[in-house]
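A.B. asks: Next comes the sequence, and after it the predicted model I'd like to discuss.
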Amino acid sequence: MNKTRTRWNDKIAVRKDEGARSDGSQSQRYRTSSGLASRVWVGLGTLFVVLGTIGIFLPLLPTTPFLLLATACYARGSKRLYGWLLSNRWFGNYIRNYREKKAIPFKIKILSISFLWVTIGYSTLFAVDIPLVRVILILIAITVTIHIIRIRTLKQ
């Protein structure tokens with residue numbers, strides 16, 4: 001039964017069986033919005049790209065979640081920006097590996113953990129004078145390290 005339902009708020013026709021595969025799983029298809037909604041999605045996506053970029057250099061901000069959020073926002077707001085992000089030479093491979101394979105390369109794991117501990121270590125030794133803040137920073141570093149280690153390692 002192929003019924004079509006129209007969502008008038010963003011003018012997208014959605015089929016009941018759209019996105020379904022023969023094996024029963026759902027494909028990851030995103031439909032772009034129109035008008036104001038599209039601009040909001042693009043704005044949010046851009047904000048998340050900026051935060052993800054900052055997260056590359058500042059270990060307290062998680063890079064991957066922000067880039068994945070940006071991908072989802074761009075997919076709903078602009079096909080062009082969605083394609084740009086997935087084909088971007090710095091972010092594209094990283095996003096695809098994480099989304100499709102649920103894994104990250106060993107080299108990235110080592111660099112991430114090393115950079116995390118260098119910056120947290122520097123902060124706790126030289127930048128922060130409050131003992132409670134030092135403890136919180138170390139707990140954050142431990143938690144993020146455990147999270148990174150638990151992510152499956154991508155075999156090259």
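C.D. replies: Cool, the structure landed. Residues are numbered from 1 along each chain as shown.
A.B. asks: Now do residue 78: how many residues are near it, please.
C.D. replies: Under the neighbour criterion other CB atoms under 10 Å, residue 78 is assigned a count of 20. Yep, even glycine has a C-beta here, placed from its N, CA and C like the rest.
A.B. asks: ok, and the closest non-adjacent residue to it?
C.D. replies: residue 42 (5.2 Å; CB to CB, 6 or more residues apart in numbering).
A.B. asks: number of nearby residues for the one you found?
C.D. replies: Neighbours of residue 42 using other CB under 10 Å come to 20.
A.B. asks: what packs against the one helix or strand it maps to?
C.D. replies: In the assignment (DSSP states H and E), residue 42 maps to helix 36-57. The helices and strands touching helix 36-57, judged by 3 or more CB pairs under 8 Å, 6 or more residues apart in numbering; DSSP states H and E, are helix 63-77, helix 79-87.
A.B. asks: Please repeat the previous calculation with a cut-off of 6 Å.
C.D. replies: helix 63-77 (3 or more CB pairs under 6 Å, 6 or more residues apart in numbering; DSSP states H and E).
A.B. asks: Nearest to the spatial middle of this protein, which residue is it?
C.D. replies: In the chain, the residue lying closest to the centroid (CA atoms, centre = their mean) is residue 68, at 2.1 Å.
A.B. asks: Model confidence score at it, please.
C.D. replies: Here the pLDDT value assigned to residue 68 is 81.
A.B. asks: Next: residue 118.
C.D. replies: At residue 118, the pLDDT value in this model is 88.
A.B. asks: so is it in a helix, a strand, or just coil?
C.D. replies: Here residue 118 takes the helix state, with states given by DSSP: H, G, I helix; E, B strand; the rest coil.
A.B. asks: how close does it sit to residue 71?
C.D. replies: Applying CB to CB, to the nearest Å, the value for residue 118 to residue 71 is 28 Å.
A.B. asks: likewise residue 127?
C.D. replies: Residue 127 is 33 Å from residue 71, by CB to CB.
A.B. asks: Give me the more crowded residue out of those two.
C.D. replies: residue 71 (26 against 11).
A.B. asks: Kindly report the domain assignment for the protein.
C.D. replies: Per automatic domain parsing, the structural domains of the chain span 1-101, 104-156.
A.B. asks: And the ones you listed, which one averages the lowest pLDDT?
C.D. replies: For the domains of the chain, mean pLDDT drops lowest on domain 1-101, to a mean of 71.
A.B. asks: Cool, thanks, talk later.
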